[in-house]
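**Student:** for reference, the sequence and a predicted model appear below.
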Amino acid sequence: MHTTYPDQSAAFSALERRLAERRWRALDGRSRAVFAALTALLSGFFFWQARVPLDGWVRSHGTLGGAQWLAVAMAAWALVAGALAAWRQDALATRVPGSEWLALPVDPARVMRHLLGESRLPAFAVIPPALATLVAGAGLVPAWWLALLAAFFALAWIECTRLAAAAARAIAARRSRHAALPAPVRLLASARQAATAKKRRAPRWRAEGGWRALQRLDLTLTRTPGPAQPRMASALALVGVSLAMWFAAAEPLQRRALAFAAFLPAATALGAWAITRTCGDPAAAMRPLPLSLADTWRARFVTLAAVLGAALVANALLAAGLPLGARFGIVLTWSACGLAVAALGLQYGLTLHPRALAAENLYFGWLGVTLMASWMIPLLGWIVLAAGLVHSGVRLRRWWTSETA
């Protein structure tokens, strides 16, 4: 039985409430605990990173100077929220089911307000560290200043996300060929256009193992336009940056540090590619196939190892000025670090299939905590990364179990 609503606002409110409930149910108790722990760790990190410099600033510039310092920090957090909202809105503009929305007797402007709420979802991640930064001023700045700054941040967050999402929508609508239509209609009419059909060669049947066939499918889909292609392109571009660092005008050890600083983001992009591929295959098509967990894991891990291995060999060959033992150490130590980072994305993709967005959020969130832990205590980040690998590895045994979505 369908429920009818007297106005569109009530219908959209019910839709947004059900979406929120569905997303909450999609996370089991362990995932919620992990997200809560990540939020607490990040908030604590930003609290202490803000407390010490703010204390020194108040001692040298007075209470008003401390309030100004916090105001700049709140403005910076609001700008970060706006950037996240713009990124999310741009992603939604390419995936929104425009034809379905236009077929409904709904005002397109109301659909845009709904999409604004969707684009603000990643911007909510900025609120805990921003509040932690504000709480760092307790005892250093008067409470009434903190209350004013909290109100300022709330207003700045709302306006920055609104303006950034509007700018992203305007850019997306400008790409449309329907210039005579209103901007909301133009955006919906141009969204998710079907790709032009291309003639493809008839497939050849091959006698090969399941993991090899799955790997071939991954490589084929990576070469075609889709979500996997830009992630692999980003990884290869970062590998190129890592290799270019060996030609920098610096000491050999400094060049090695710069090359490693670009190599780890390349491994991170490969982990995002693995998430896209593991979550991109529809379960209805994959479940009947004779594929085991080992097949699906091996197909992606071999690709990750091949790309990272080629990058490491190239780095070792270009490491001019380093002895042979140091070059061999690059291959050994960097391979362990890169494979651990990329494998974390692969395992989150397998355990959270087909929820690619949830897997990417958890993946990048865990890597963020790893980075913060390394910043606070050297080598602690690698322990956090190992804990993530163990946690996701334990969940792998439930990789093919249907979960509430």
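**Tutor:** That came through fine. Numbers count the residues shown, from 1 in each chain.
**Student:** drop to CA atoms for contacts and neighbour counts, all remaining ones
**Tutor:** OK.
**Student:** helices along the stretch 301-405 of the chain, start to end?
**Tutor:** Counting by DSSP state H, counting those that start in this stretch, the stretch 301-405 of the chain has helices at residues 324-351, 356-376, 380-395.
**Student:** quick one: low-confidence ranges for the protein?
**Tutor:** The chain contains residues with pLDDT under 70 at 1-8, 27-28, 91-110, 172-209, 398-405.
**Student:** mind giving me the domain split of it?
**Tutor:** As given by automatic domain parsing, the domain ranges for the chain are 8-190, 210-398.
**Student:** any idea how far the first one is from the chain center?
**Tutor:** Relative to its parent chain, domain 8-190 has a centroid offset of 15 Å by C-alpha atoms, centre = their mean, to the nearest Å.
**Student:** with the last one instead?
**Tutor:** When C-alpha coordinates are averaged (C-alpha atoms, centre = their mean), domain 210-398 and its chain have centres 14 Å apart.
**Student:** end-to-end on stretch 212-231?
**Tutor:** Start-to-end span of stretch 212-231 (C-alpha to C-alpha, to the nearest Å) is 21 Å.
**Student:** now render the domains of the chain as TSV, adding mean neighbour count.
**Tutor:** Below are the domains of the chain laid out as TSV (neighbours: other C-alpha atoms under 10 Å):
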stretch	mean neighbour count
domain 8-190	17
domain 210-398	18
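**Student:** quick one, the strand or helix carrying residue 53 and helix 356-376 angle?
**Tutor:** Take DSSP states H and E as the rule and residue 53 turns out to sit in helix 29-95. Put simply, helix 29-95 runs at 120 degrees to helix 356-376, going by axes from the mean of the first three to the mean of the last three C-alpha atoms, to 10 degrees.
**Student:** just checking, what packs against helix 29-95?
**Tutor:** Using 3 or more C-alpha pairs under 8 Å, 6 or more residues apart in numbering; DSSP states H and E, the elements in contact with helix 29-95 are helix 108-119, helix 127-135, helix 143-174, helix 356-376.
**Student:** so which of these is nearest residue 342?
**Tutor:** Between residue 342 and the helices and strands packed on helix 29-95, the tightest spacing by C-alpha to C-alpha is seen for helix 356-376, at 9.8 Å.
**Student:** using CSV, list the CA coordinates for that closest one.
**Tutor:** Output in CSV follows, covering the C-alpha atoms of helix 356-376 (Å, rounded to 0.1, in the frame of the first residue of the first chain):
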residue,chain,number,x,y,z
ALA,A,356,31.5,1.3,-2.5
LEU,A,357,30.9,4.7,-0.8
ALA,A,358,30.9,3.2,2.7
ALA,A,359,34.0,1.1,1.9
GLU,A,360,35.8,4.2,0.6
ASN,A,361,34.8,6.3,3.6
LEU,A,362,36.1,3.6,6.1
TYR,A,363,39.2,3.1,4.0
PHE,A,364,40.2,6.8,3.8
GLY,A,365,39.1,7.4,7.4
TRP,A,366,41.3,4.5,8.7
LEU,A,367,44.3,5.8,6.6
GLY,A,368,43.7,9.3,8.1
VAL,A,369,43.9,7.9,11.6
THR,A,370,47.1,6.0,10.5
LEU,A,371,48.6,9.3,9.3
MET,A,372,47.6,11.1,12.5
ALA,A,373,49.0,8.3,14.7
SER,A,374,52.4,8.4,12.8
TRP,A,375,52.4,12.2,13.3
MET,A,376,51.9,11.9,17.0
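**Student:** could you give the angle of it to helix 380-395?
**Tutor:** Direction vectors for helix 356-376 and helix 380-395, defined by the same axes, to 10 degrees, enclose an angle of 150 degrees.
**Student:** which residues touch helix 356-376?
**Tutor:** Applying C-alpha atoms under 8 Å, 6 or more residues apart in numbering, the external contacts of helix 356-376 come out as 35, 38, 41-42, 45, 272, 275-276, 279-280, 344-345, 348-349, 352-353, 380-382, 384-385, 388.
**Student:** how near is residue 366 to residue 22?
**Tutor:** In terms of C-alpha to C-alpha, residue 366 sits 23 Å off from residue 22.
**Student:** kindly report the same for residue 326.
**Tutor:** Distance of residue 326 to residue 22, given as C-alpha to C-alpha: 52 Å.
**Student:** check residue 231 too.
**Tutor:** For residue 231 relative to residue 22 (C-alpha to C-alpha), the value is 28 Å.
**Student:** what does residue 353 give?
**Tutor:** When distance is defined by C-alpha to C-alpha, residue 353 is 16 Å away from residue 22.
**Student:** likewise residue 295?
**Tutor:** Distance of residue 295 to residue 22, given as C-alpha to C-alpha: 31 Å.
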